[in-house]
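Participant: With the sequence up front, the predicted model follows.
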Amino acid sequence: MKAYPFSYFPPVPEDHQGGPVIKLKKDNLNTSLFTNDAAFDWLYPKHFQLLSLKHWTPLAIARKAAEFLAEPGARVLDIGSGIGKFCLAAGHHFPETFFYGVEQRHELIYLAEEAKGCTKLSNVTFIYANITQVNFKEFDHFYFYNSFHENIDSENQIDDSIELSESLYNYYNQYLCAALNKKPSGTRLVTFHSFEQEIPPGFKLVDISCNGLMKMWIKT
Ligand SMILES: C[S@@+](CC[C@H](N)C(=O)[O-])C[C@H]1O[C@@H](n2cnc3c(N)ncnc32)[C@H](O)[C@@H]1O
């Protein structure tokens with residue numbers, strides 16, 4: 001596996017008196033990290049910062065989505081967690097909820113783990129797997145940022161490390177729809193930029209935000 005020189009430290013806070021930023025107390029460091037997207041994205045190598053606008057959830061959206069999904073002790077799964085931005089932001093703002101991210105790209109899991117190490121959040125876990133290998137029974141609520149779209153958008157692929165195709169797009173959407181369909185009443189789901197192919201009829205739309213891009217659903 002490629003070893004990253006982890007030299008992208010967060011910006012120095014205004015009251016910082018010198019010395020390595022990484023020695024700041026966890027609370028101070030995280031307050032600074034989760035202040036704005038540029039500060040957070042700085043945790044990652046440049047190439048992945050540049051992907052942020054199209055592929056990773058903005059912090060404000062993550063917080064709003066997590067607000068709907070969080071409840072003490074609940075387990076929330078980010079379906080296709082990328083570099084971990086949603087899970088880390090959600091975990092920071094809602095420390096009593098457990099956030100899990102499943103991601104099929106090993107490199108992104110590595111980066112998510114490195115970023116988690118900086119935040120020292122203990123309620124966030126990343127799982128290196130395809131969503132078809134995950135047991136949906138282990139999770140209470142779900143976040144989905146149109147993770148399968150890359151399969152039908154050849155101009156906006158994250159990298160060429162995995163197989164992408166229209167048939168996989170259809171397969172994953174059908175798989176997720178069937179998995180969500182089996183969840184009990186009360187299950188919450190937030191979708192961002194979704195075409196809604198993965199949403200079973202039993203999920204009721206209860207709120208819309210971000211000019212219609214983010215939708216909140218509850219299984220009836
Ligand atoms: C649009 S990004 C969203 C990342 C993250 N959820 C966020 O909001 O910041 C979608 C991610 O889903 C991952 N992904 C797509 N299909 C997947 C699958 N079948 N299993 C696991 N991960 C998948 C991609 O590798 C990509 O990192």
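Facilitator: Yes, it's here.
Participant: quick check: longest helix of the protein.
Facilitator: helix 166-181 (DSSP state H).
Participant: Can you give me the buried ones in that one?
Facilitator: Of the residues in helix 166-181, Leu168, Tyr169, Tyr172, Asn173, Tyr175, Leu176, Cys177, Ala179, Leu180 count as buried by neighbour count, 16 or more other Cβ atoms under 10 Å. For every residue, glycine as well, the C-beta is placed using N, CA and C.
Participant: and if you look at stretch 38-54?
Facilitator: In stretch 38-54, the ones that count as buried by 16+ other Cβ under 10 Å are Phe40, Asp41, Leu43, Tyr44, Phe48, Gln49, Leu51, Ser52.
Participant: quick one: which of the residues you listed sit in strands?
Facilitator: Per DSSP state E, strands hold no members of these.
Participant: give me the subset of the residues you listed touching the ligand.
Facilitator: The overlap between the buried residues of stretch 38-54 and the neighbours of the ligand (Cβ under 6 Å from any ligand atom) is empty.
Participant: need the strands for this structure, in chain order.
Facilitator: Secondary structure of the chain (DSSP E): strands at 75-79, 98-103, 124-128, 141-144, 188-192, 203-209, 214-219.
Participant: Can you pull out the residues in contact with the second one?
Facilitator: Taking Cβ atoms under 8 Å, 6 or more residues apart in numbering as the criterion, the residues outside strand 98-103 that touch it are 66, 73-82, 84, 86-87, 90-91, 109, 112, 123-131, 134, 139.
Participant: The closest residue to the ligand within the chain and Ala62, how far apart?
Facilitator: Closest residue of the chain to the ligand, Cβ to the nearest ligand atom: Gly80 (2.2 Å). Note on Gly80: its distance to Ala62, by Cβ to Cβ, to the nearest Å, is 14 Å.
Participant: Likewise for Asp207?
Facilitator: 16 Å.
Participant: Among the contacts of strand 98-103, name the buried ones.
Facilitator: By neighbour count, with 16+ other Cβ under 10 Å, the contacts of strand 98-103 hold 66, 74, 76-82, 84, 86-87, 90-91, 109, 112, 123-128, 131, 134, 139 as buried.
Participant: list the contacts for Ala90?
Facilitator: Applying Cβ under 8 Å, 6+ apart to Ala90 gives the contacts Ala62, Arg63, Ala65, Ala66, Leu69, Ala70, Val76, Asp78, Thr97, Phe99, Val124, Tyr143.
Participant: Cool, thanks, talk later.
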